[in-house]
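Peer 1: Kindly generate the corresponding structure for this input.
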Amino acid sequence: MLSMFLIGFYLLFLASLGGFVVCAFTGSWMPSYDTKDLCLMYFFLIIAFGIFTYMVFKMMFIAPI
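Peer 2: Okay, here's the model as predicted:
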């Protein structure tokens, strides 16, 4: 069960990282969002999913319960 969470959070982390890189280099491709707001949203998603990935990884491999 935890391995599914680990894979899911890691894929969401990579997707957020890719979205941030595309946003940073090309600007916003959605006319309803400002570029700065969209890039900031991706940045916070990178932080959140990175922390979740680390927490699940730690529970699975470093300090299993």
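Peer 1: got the buried residues for the strand or helix carrying Cys39?
Peer 2: According to DSSP states H and E, Cys39 maps onto helix 35-57. By neighbour count on 16 or more other C-beta atoms under 10 Å, the buried set for helix 35-57 is Leu38, Cys39, Tyr42, Phe43, Leu45, Ile46, Phe49, Gly50, Phe52, Thr53, Val56. Yep, even glycine has a C-beta here, placed from its N, CA and C like the rest.
Peer 1: any idea how far Lys58 is from the residue lying closest to Cys39 once chain neighbours are set aside?
Peer 2: Once flanking residues are discounted, Cys39 sits nearest to Cys23: 4.4 Å by C-beta to C-beta, 6 or more residues apart in numbering. Using C-beta to C-beta, to the nearest Å, Cys23 is found at 29 Å from Lys58.
Peer 1: Same check on Leu17?
Peer 2: For Leu17, the distance to Lys58 equals 20 Å [C-beta to C-beta].
Peer 1: quick one, which of those two is more surrounded?
Peer 2: More crowded of Leu17 and Lys58, by other C-beta atoms under 10 Å: Leu17, with 16 against 11.
Peer 1: what pLDDT, on average, does the longest helix that the chain contains get?
Peer 2: In the chain, taking DSSP state H as the definition, the longest helix is helix 2-26. Per-residue pLDDT over helix 2-26 has a mean of 89.
Peer 1: Tell me which residue is most central in this structure.
Peer 2: Phe13 (2.8 Å; C-alpha atoms, centre = their mean).
Peer 1: That one touches Ile46, doesn't it?
Peer 2: Yes. Here Phe13 reaches Ile46: they are 6.6 Å apart, a contact under C-beta atoms under 8 Å.
Peer 1: Name the nearest residue to the residue nearest to the centre of the chain, ignoring sequence neighbours.
Peer 2: Phe49 (3.9 Å).
Peer 1: Tell me who's in contact with the one you found.
Peer 2: By C-beta atoms under 8 Å, 6 or more residues apart in numbering, the residues touching Phe49 are Phe9, Tyr10, Leu12, Phe13, Ser16.
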